[in-house]
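Enquirer: no sequence for this one, just the structure:
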DNA sequence: TGTACATCAGTGAACGCGCGTTCACTGATGTAC
DNA sequence: TGTACATCAGTGAACGCGCGTTCACTGATGTAC
């Protein structure tokens, strides 16, 4: 979206780190208090800049939120992809791991803490209010779902399982349940261990519903 | 929460209708623009009052949001309960209806349009930020889940089915998928018919995963 | 039924505060010679 | 290596606007006699 930068500007490095620090601070503040209640002043304070720095880097608060949402969604897709590559590279699926645990390991890179869940909720609610942004958001969610489809197909093949629904639907359901249980666990003052346990339990149920073990031909 | 009202005040009727009109207007405005961006002025304008009327009826914008959330959640529970009573009263489950359709009929009273979904998202995100409110919110969601548990048990018994998970978990999953698909369908500029079709399709899958038809003993 | 009075729901002007945004500036960094 | 100049990222004061909230008031409704 920026102009073509054929030669490196003056102090490009520091400018980019300013942007990054502002975006990081904004992620926290948007999550903590929401888009409407988050003030530019508060974001800048958190990042250690004045408001001028903000407007030197972003056109407006709203434009910055959109950029943050895009960055977060992209990172999410990359993180899931990288984790899944890592899992696949490990050969067969770490025998002592159950199927559920493999899927949870693939998803828990997306940020399962309270603040990440809040930020995702802000992003999702914003998508409901803005059709153009919704399209971009849904596309990124779709990419995550596609990654899970691959993973499911790999598990099904490696372990001789069957699916009760097409793998795309299975992946969609799993991602949906993931965000539902994340939201609920963010509400109930659970500590991180309890949150993880709840997620494991509920995702486990869904995975068991979706996968079915074939009549064993080998141990 | 209000003081005991042993005798009817001056013009109680009109005061209550003012509150109700303000709450209705607030539901729309909170859904449209979010809690932070919704101004008291805009709510009052929508309801046809001045801001003085607002502060004559509510202590603050935030307190009003909390009251609205409570009212909305209570109405939701009542609506589901009433609908389920109605379904049960109709004797056996309207033979041409599938199980999915029965469950959808039970849930679609909670408001499946874009604005209701947005308001529920605002309420849910607010619950993530406020432990006390979260407890109340989760309790009301739990009541809806309990109603669905009853309905599922009834269906299972009437149609000689089996469940792959305990009915409470089945109900929780169904309610979770319901809100996930509502959110997604609110994003993609679908018209109401398409939204209903999407919901039917995805809920149908979940219901099919959760219920299993017993080896038919009778047609 | 008619008059005088009490109540109080809703009005609307006023408050000051904090917001998003702008902009003339400064001073650190990089370049030219 | 040293000096003069150019760049431009980030500063911070200033803007005016719209916000949430307050409060003295008005006038419709209900009560007493």
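Expert: It's in. Computed from a prediction, not measured in an experiment: that's the story for all the values here.
Enquirer: does whichever strand or helix holds residue A:144 come close to chain B?
Expert: Following DSSP states H and E, one finds residue A:144 within helix A:131-158. Yes: against chain B, helix A:131-158 shows contacts by C-beta under 8 Å from any C-beta of the partner chain at A:131, A:134-135, A:137-138. (Glycine included, C-beta is placed from N, CA and C.)
Enquirer: what is the rounded mean pLDDT of that helix?
Expert: For helix A:131-158, mean pLDDT is 96.
Enquirer: partners of the following helix or strand past that helix in the sheet?
Expert: Going down the chain from helix A:131-158, the next helix or strand is strand A:161-163, by DSSP H and E. Sheet partners assigned to strand A:161-163 using DSSP bridges are listed as strand A:211-213 (antiparallel).
Enquirer: if you average pLDDT over the strand it pairs with, what comes out?
Expert: Here strand A:211-213 scores 88 as its mean pLDDT.
Enquirer: cool, and stretch A:58-72?
Expert: 97.
Enquirer: and which of the residues of helix A:131-158 next to chain B is nearest chain B?
Expert: Checking the residues of helix A:131-158 next to chain B against chain B with C-beta to the nearest C-beta, the nearest one is residue A:134 at 4.1 Å.
Enquirer: which of the residues of helix A:131-158 next to chain B count as buried?
Expert: Buried by 16 or more other C-beta atoms under 10 Å in any protein chain shown: A:134, A:137, out of these.
Enquirer: How much space separates the residue of chain A found nearest DNA strand D from residue B:173?
Expert: Residue of chain A nearest DNA strand D, by C-beta to the nearest atom of the strand: residue A:52 (2.0 Å). Per C-beta to C-beta, to the nearest Å, residue A:52 is found 50 Å from residue B:173.
Enquirer: between those two, which one's more packed in?
Expert: Using other C-beta atoms under 10 Å in any protein chain shown as the criterion, residue A:52 and residue B:173 rank with residue B:173 on top: 26 against 9.
Enquirer: list the contacts for that one?
Expert: Shown in contact with residue B:173 (C-beta atoms under 8 Å, 6 or more residues apart in numbering or on different chains): A:177, A:202, A:205-206, B:165, B:206, B:210.
Enquirer: hmm, back to that, now narrow the residues of helix A:131-158 next to chain B to whatever sits close to DNA strand D.
Expert: When C-beta under 7 Å from any atom of the strand is applied, no member of the residues of helix A:131-158 next to chain B is adjacent to DNA strand D.
Enquirer: Dump the residues of helix A:131-158 next to chain B to a markdown table, plus distance to residue A:120.
Expert: Supplementary listing: the residues of helix A:131-158 next to chain B in a markdown table, determined by distance: C-beta to C-beta, whole Å:
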| residue | distance to residue A:120 |
| --- | --- |
| A:131 | 19 |
| A:134 | 14 |
| A:135 | 17 |
| A:137 | 10 |
| A:138 | 13 |
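Enquirer: between the residues of helix A:131-158 next to chain B, which is closest to residue A:37?
Expert: Relative to residue A:37, the closest of the residues of helix A:131-158 next to chain B is residue A:137; by C-beta to C-beta it sits at 21.4 Å.
Enquirer: give the contact list for that closest one.
Expert: A:69, A:73, A:123-124, A:127, B:187.
Enquirer: Is DNA strand C within reach of stretch A:113-127?
Expert: No: shown here: stretch A:113-127 not in contact with DNA strand C (C-beta under 7 Å from any atom of the strand), separated by at least 14.2 Å.
Enquirer: Same question for stretch A:64-80.
Expert: No: using C-beta under 7 Å from any atom of the strand, we find that stretch A:64-80 stays clear of DNA strand C, coming within 8.1 Å at best.
Enquirer: okay, now residue A:109: neighbour count?
Expert: Residue A:109: 17 neighbours (other C-beta under 10 Å).
Enquirer: what's the distance between it and residue B:81?
Expert: The gap separating residue A:109 from residue B:81 is 41 Å, by C-beta to C-beta.
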